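Novice: here's a sequence, model it:
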Amino acid sequence: MTELSRRTFLYGTGAAVGASALGGGVAAAAPDQVQTSGHRNVHKDVVSDARMEWKQLPKNWGDSPFLANGFLGVQVYAGRTPNELKLMLSHSEVQDQREHWEAAIGLSRLPIGYLTLAFAGAITAVDWTLDLWNAELTGTVTTTQGSASFTMLVHNTRSTFLAKVKGDVTWGFQPLQSATTRQVRRPADYTANPDATLGTGNGVSYAAQPLLAGGGYTTAWQARDGRFAAHVAYTHPADTHTSDAIREVRQALSIPFEVLTSQHRRWWNAYFAKSLVSVPDKLVQRFYWAQLYKMAAATRADAPVISEWGPWFPEQGNSWTAVWWNLNVQISYPLINGSNHHELDAVTTTLKRFEHHLELNVNPAYRDGNSYAICHPGDRTLRSGPRYCGVPGVAPNDHTGNLLWACHNVWLGYRHTMDKRILSDVLVPILTKAVNYYARFLVEGADGKLHLPETRSPEYANATDTTYDLSLIRWGVRTLLSIEENARWRDILNRLVPYAQGPNGVLIGKDVSLNDSHRHFSHMLWFYPLRELTYDMPEHRDLINRTFDHWTSRQNLWAGYSYGAASSMASAMGRPEEALSFLRYFLDRKQVGTNAVLTENTFYREGGNLAIESPLMSGQAVLEMMVQSHNNVVRVFPSISSTWADASISSLRTQGAFLVDASRSAGRTDWVQVHSEAGSPLVLEHGITGDIDVRDNRGRRLNYKQRGSAIEIPLRRGQTAVVSRRGTRPDVSPRDVAANGSSSRWGLP
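Specialist: Okay, here's the model as predicted:
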């Protein structure tokens, strides 16, 4: 396999669709328009307030500051000796290439090593700030022999670590063994890759790490006049990684540091200015902005899809060395929709770029040229090695729904942008073959309904007519029918067996009840996130209530993401106090399940394993409180706690490609502004009490129709509507609302 460069993928003329069609990449310049809107200082104030602080020396993956650009990741914490810091280097592209073993072993992400920053004396104090607005780590280190100050960053477009240090310091590098850290199903004949070779080229130090499968990766570094640069280059099967890494370090050090930081800050400042969320609970607000920072640090449309650790490979390794497509990817990416950041949509671009690998995830006995699936674990190119997706009715039969759920992410991307190229180039061809794979196993029963043989409801039990799978099949055919009528899909939709039900709502599957605590919400996908049955349909409320209340009644085995899901579901049910309670339980860093917790730096630890998807899903839970847009209705502040008297949002994106601004004060909504990018019909639940005015952004009255609690406004593409209380002409600027209490910062403050 030849690795494509970022520039080739974004601007090439090969099979991959262009950046404009699929959400853009790191080079996209669209955010610059927001910078001149007059509201940039508000965005800067809000994001700057979310800065993380360290008054104590961090010690590991879960309490340290983190930098990245979707590719190179860096974490800074205590070193091997009292006078040393470790700077753990990771890279989202660096992986093994031995396909004869399963992906988590033979295609495993690989540890790289760590930089060392040594001081003349032992470290006695630190004072660090992770400035999210500029994506920079700044601070001081006090030692028994004096102090040093620094600025550190991972340059946004160069993927190079840069530092400027004032003080007496010495840089070094320690490579780690190039081997998977996963022990589960590790073959007896597994061998590590050869040791790294240390050398110097053109004054640049390097550690060259060859791979047994060809190619390899090199870390190059150099200190010069108080400046430092390090770069990790990866090539396979080519062998240019050493010269590539040396070249990038030399180039970075030839450019003034101020020029590089200016380039870097320009992208990050524009990124954060694309939307705004401000609430009076500053713990929640700061957490939300930390997740937006983390998301842009972890992924981009032209970067690998998020793996369990993002681009931050933990020094201690653990088992999650690949991409987990059975939930983790799917719950990480919804955050990009409402926050207006489709330049981060690596799910859509990954499915398109590596579509040719999807058939390889199907058991060879069922490959017919018209069936796709995704197994897990897999690698960033959708390969799973010799493991295949489960076959309904044949054990083991797990993972069958992974691809359909991933397609739902693509569908959400389409609905929030209304970019029809996403449909034609990605969703329709892939979703069709994903549904085809399931359809071949459907069996007509004596009742005339189509039934599904035994599959596994993720992380709970096997069952026939499993709710998880049926909900994904039903969503898939319904979605395809919404695009184009098809007799086969219509027949499946009409005859697919209903979900099995009992006194406690929807069951796991036929004759299989939920009897124990279940961290997954697999049996509730029909409600969230698929929204097949919703709370605004009165006839479904009782079923939703019973299923949700039974699931949430047993939390002893929950995971972090269970709380994010429960919060989002409660918001979808109009239960704002419960939604905030579930969210705050996780954010307050209480123990989750038997041994899991949100870490000090907003990462997540689950027993001995580490991950980042649960906090990202909790970031989405915040957005569910601010805006919802299912069933073609835009709902503003649908789930705001009574303890949040004020709130302000700007440019939150909804289905139908609407951008929503709104303000709430003294416990009521003051105004709502909606801008239409696509000219879709706008039905708006604005939440403003009493008589209203509806005007365009120039103050001219707009026609509208009352539809129950909502209004319908016939907006054209590019048109804006402002809804306010009768007789008022509001200032529609975003604002940072006042805090309703005190809260500490994230990090180690």
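Novice: tell me where the stretch 1-150 of the chain has helices.
Specialist: Listed in chain order, the helices of the stretch 1-150 of the chain (DSSP state H, counting those that start in this stretch) span 6-11, 32-35, 40-49, 103-106.
Novice: lowest average pLDDT across these?
Specialist: Mean pLDDT is lowest for helix 6-11 among those, at a mean of 30.
Novice: tell me, what's the model's pLDDT at S307?
Specialist: At S307, the model reports a pLDDT of 94.
Novice: mind checking how far the spatially closest residue to it that is not a sequence neighbour is from R109?
Specialist: Leaving aside its chain neighbours, S307 sits nearest to V323 (4.8 Å; criterion: C-beta to C-beta, 6 or more residues apart in numbering). Bear in mind the C-beta positions are built from the backbone N, C-alpha and C, glycine included. Distance, V323 to R109, using C-beta to C-beta, to the nearest Å: 9 Å.
Novice: common neighbours of the two, please.
Specialist: Taking C-beta atoms under 8 Å, 6 or more residues apart in numbering as the criterion, V323 and R109 both touch S307.
Novice: these two touch, right, R109 and Q95?
Specialist: Yes. Counting by C-beta atoms under 8 Å, R109 touches Q95, with 4.9 Å between them.
Novice: returning to what we had before: who's the residue nearest to S307 bridged to?
Specialist: V323 has these beta-bridge partners by DSSP bridges: G378.
Novice: which residues does V443 bridge with?
Specialist: Going by DSSP bridges, V443 forms beta bridges with H451.
Novice: tell me the pLDDT of it.
Specialist: 98.
Novice: could you do N318 as well?
Specialist: Confidence score, pLDDT, at N318: 86.
Novice: got phi/psi on the closest residue in space to T479 that isn't next to it in sequence?
Specialist: In space, and not counting its chain neighbours, T479 is closest to W411: 6.0 Å by C-beta to C-beta, 6+ apart. When read as degrees, to the nearest 10, the backbone of W411 gives phi -60, psi -40.
Novice: please, which helix or strand holds the spatially closest residue to V426 that is not a sequence neighbour?
Specialist: In space, V426 comes closest to K352 once its chain neighbours are excluded; the distance is 4.8 Å by C-beta to C-beta, 6+ apart. In the assignment (DSSP states H and E), K352 maps to helix 346-353.
Novice: picking up where we left off before, of R109 and Q95, who's got more company?
Specialist: Ranked by neighbour count (other C-beta atoms under 10 Å), R109 and Q95 place R109 first, with 30 against 26.
Novice: for R653, helix, strand, or coil?
Specialist: Here R653 takes the strand state, with states given by DSSP: H, G, I helix; E, B strand; the rest coil.
Novice: correction: A297
Specialist: When the rule is three-state DSSP, A297 gets the label helix.
Novice: next, count neighbours for E355.
Specialist: Look at E355: counted by other C-beta under 10 Å, it has 18 neighbours.
Novice: hang on, isn't it packed against P429?
Specialist: Yes. Counting by C-beta under 8 Å, E355 does reach P429; the two are 7.4 Å apart.
Novice: quick one: the strands in the stretch 1-150 of the chain?
Specialist: 52-54, 66-68, 72-78, 84-91, 113-119, 123-131, 136-143, 146-154 (DSSP state E, counting those that start in this stretch).
Novice: revised request: answer the last question for the stretch 601-749 of the chain.
Specialist: Under DSSP E, counting those that start in this stretch, the stretch 601-749 of the chain gives strands at 604-606, 609-611, 627-628, 634-636, 647-654, 658-665, 668-676, 682-685, 692-696, 705-707, 710-713, 720-725, 747-748.
Novice: what's the most buried one of those?
Specialist: Neighbour counts (mean count of other C-beta atoms under 10 Å) averaged over each of the strands of the stretch 601-749 of the chain peak at strand 634-636, with a mean of 26.
Novice: strand partners of that strand, parallel vs antiparallel please.
Specialist: When DSSP bridges is applied, strand 634-636 pairs with strand 627-628 (antiparallel), strand 682-685 (parallel).
Novice: could you dump the ones you listed to JSON lines with distance to V76 and mean pLDDT?
Specialist: Shown next, in JSON lines, are the strands paired with strand 634-636 (distance: least, C-beta to C-beta, whole Å; pLDDT from 0 to 100):
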{"stretch": "strand 627-628", "distance to V76": "36", "mean pLDDT": "98"}
{"stretch": "strand 682-685", "distance to V76": "46", "mean pLDDT": "98"}
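Novice: ok, which of those comes nearest C375?
Specialist: Across these, C375 has its closest neighbour in strand 627-628 (32.8 Å, C-beta to C-beta).
Novice: tell me which residues are up against the closest one.
Specialist: Contacts of strand 627-628 (C-beta under 8 Å, 6+ apart): 338, 571-572, 634-639, 649, 652, 654, 660, 662.
Novice: ok so, going back, now tabulate the strands paired with strand 634-636 in CSV and tack on distance to A220.
Specialist: Converted to CSV, the strands paired with strand 634-636 look like this (distance: least, C-beta to C-beta, whole Å):
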stretch, distance to A220
strand 627-628, 45
strand 682-685, 53
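Novice: right, so of those, which gets closest to V279?
Specialist: strand 627-628 (12.9 Å).
Novice: how far out from the middle of the chain is stretch 241-249?
Specialist: Its chain's C-alpha centre and that of stretch 241-249 lie 30 Å apart, by C-alpha atoms, centre = their mean, to the nearest Å.
Novice: stretch 609-620 now?
Specialist: That offset, for stretch 609-620, works out to 8 Å (C-alpha atoms, centre = their mean).
Novice: switch the contacts of strand 627-628 over to a markdown table; also include distance to L580 and pLDDT.
Specialist: Formatted as a markdown table, the contacts of strand 627-628 follow (distance: C-beta to C-beta, whole Å; pLDDT from 0 to 100):
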| residue | distance to L580 | pLDDT |
| --- | --- | --- |
| G338 | 17 | 98 |
| S571 | 9 | 98 |
| A572 | 14 | 98 |
| V634 | 22 | 98 |
| R635 | 17 | 98 |
| V636 | 17 | 98 |
| F637 | 13 | 98 |
| P638 | 13 | 98 |
| S639 | 8 | 98 |
| I649 | 16 | 98 |
| L652 | 18 | 98 |
| T654 | 21 | 98 |
| V660 | 21 | 98 |
| A662 | 18 | 98 |
